[in-house]
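> Could you look at this predicted model? Sequence included:
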Amino acid sequence: MKPRITLLAGGVGGAKLAEGLASLCPPETLSIIGNVGDDQEFHGLWVSPDIDTLTYSLANRIDRQQGWGLADESHRVLAGLERFGCDTWMSLGDQDMATHIFRTQLRRQGVRPSAIAQSIAEALGVTLNLLLPTDDTLQTRLRTDQGWLAFQEYFVRERCRPEVREVRFEGASEARPTPEAMEAIEEADILLIAPSNPVASIAPILAVPGIRRALEATRATRIAISPLIGGHTVKGPADRMLAAMGYPSSSLGVAASYAGLIDGLVIDVSDGADRPALEAEGLQVMTTATLMTGAEEKTRLAEETLAFAGSIQQAQEEAEA
Ligand code: GDP
Ligand code: CA
């Protein structure tokens, strides 16, 4: 039987590994739990940046240059909104706007956000299970030297310049996990955490009550892929945010942020010196080239990660026998 694979993923880094897995695995065996902490309303429309990045990437409709948004976009609606004096720092394209209109309309009709995410994915030809950790509203808020900011305000409007001092997931304590996300974690054979921002993309998923416990309890082999290469992010503030949360800004910090939740960690060859310290923490470590620049690297990293999971599983089975 084909292994059931569940991936926890943020936006750009998450989508890259998701594409690699999708190129290898039958869609019915693959579930992706995305991040809704970056969701925000713009111009009366509900925008879900990380979920859209996953969907557009898997649909091969993403703007490959930017890593987000749709390819061949125009921005005529945004220009119109600007004329009305609206804030237009969130660069929403015209076709992208259709996604947000559709999503908002269904939300107003009371359709579950996770059902909406799956229908948008299906409409774009994505057939794997795209899941939300919760159907409730959960928003990542950052306390910075410029006050409290929503994630997109920090990330897009302020270009990650403010210093982050504290991270909160508003609404998390009252949020209920979706049954689909819980089942995908409980029933998985292999549970992967994408090379996403541990603080801004993965922590909001883990903040949904029940999800962390499900990860602790699952029989799946659990592996995270570090988003750091040579101790630095490929793009974005994950290294600085780890440091702000009191973790080392290295693969050791990534591992520490997932303490108790992973059996293995995939790190880049440039971080190979961290291996003994990671192994001393009881982790299995795989060292490989983790930069995914094109389709080939995405598939190769996904393939190597699945083989790594297989070898951990086999070792566990032998130890039990
Ligand atoms: P966001 O929601 O769009 O910020 O995306 P994620 O949280 O999913 O991913 C952001 C992280 O992805 C950053 O910390 C990057 O360092 C990491 N990342 C992006 N591309 C790659 C890659 O090719 N390899 C690895 N290892 N990490 C990557
Ligand atoms: Ca994000």
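Happy to help now that I have it. Note that the coordinates shown come from a computational prediction; the quantities given were computed from them, not determined experimentally. Numbers count the residues shown, from 1 in each chain. Ligands and ions are numbered 1, 2, ... in the order given.
> From here on, just use CA atoms for contacts and neighbour counts.
Noted.
> residues touching Cys86, list them.
Contacts for Cys86 were tallied using Cα atoms under 8 Å, 6 or more residues apart in numbering; they are His43.
> One more: Leu24?
If you count contacts by Cα under 8 Å, 6+ apart, Leu24 has them with Thr299, Ala302, Glu303.
> One more: Ala289?
By Cα under 8 Å, 6+ apart, the contact set of Ala289 is Ile267, Asp268, Val269, Leu301.
> okay but the second one is in contact with Thr287, surely?
Read it as Asp268. Yes. Contact criterion Cα atoms under 8 Å: Asp268 and Thr287 qualify, at 5.5 Å.
> out of these two, which sits in the busier spot?
When neighbours are counted by other Cα atoms under 10 Å, Asp268 and Thr287 differ, and Asp268 comes out ahead with 22 against 15.
> Next one: the more buried one relative to Ser250, how far apart?
11 Å (Cα to Cα, to the nearest Å).
> can you check Arg222 too?
For Arg222, the distance to Ser250 - Cα to Cα - is 20 Å.
> roughly how far is the one helix or strand Thr305 maps to from the heart of the chain?
Secondary structure assignment for Thr305, by DSSP states H and E: helix 295-320. Mean C-alpha position of helix 295-320 versus that of the full chain (Cα atoms, centre = their mean, to the nearest Å) differs by 20 Å.
> helices and strands around it, which ones?
Here helix 295-320 is seen to pack against helix 12-22, strand 221-225 when contacts are counted using 3 or more Cα pairs under 8 Å, 6 or more residues apart in numbering; DSSP states H and E.
> Which of the ones you listed sits closest to ligand 2?
Shortest separation from ligand 2 across the helices and strands packed on helix 295-320 is recorded for helix 12-22, at 7.4 Å, computed as Cα to the ion.
> show me what contacts the closest residue to ligand 2 within the stretch 101-250 of the chain?
Proximity to ligand 2, evaluated over the stretch 101-250 of the chain using Cα to the ion, is greatest for Ser201 at 5.7 Å. For Ser201, the set of contacting residues under the criterion of Cα under 8 Å, 6+ apart consists of Ala9, Gly10, Gly11, Asn35, Gly37.
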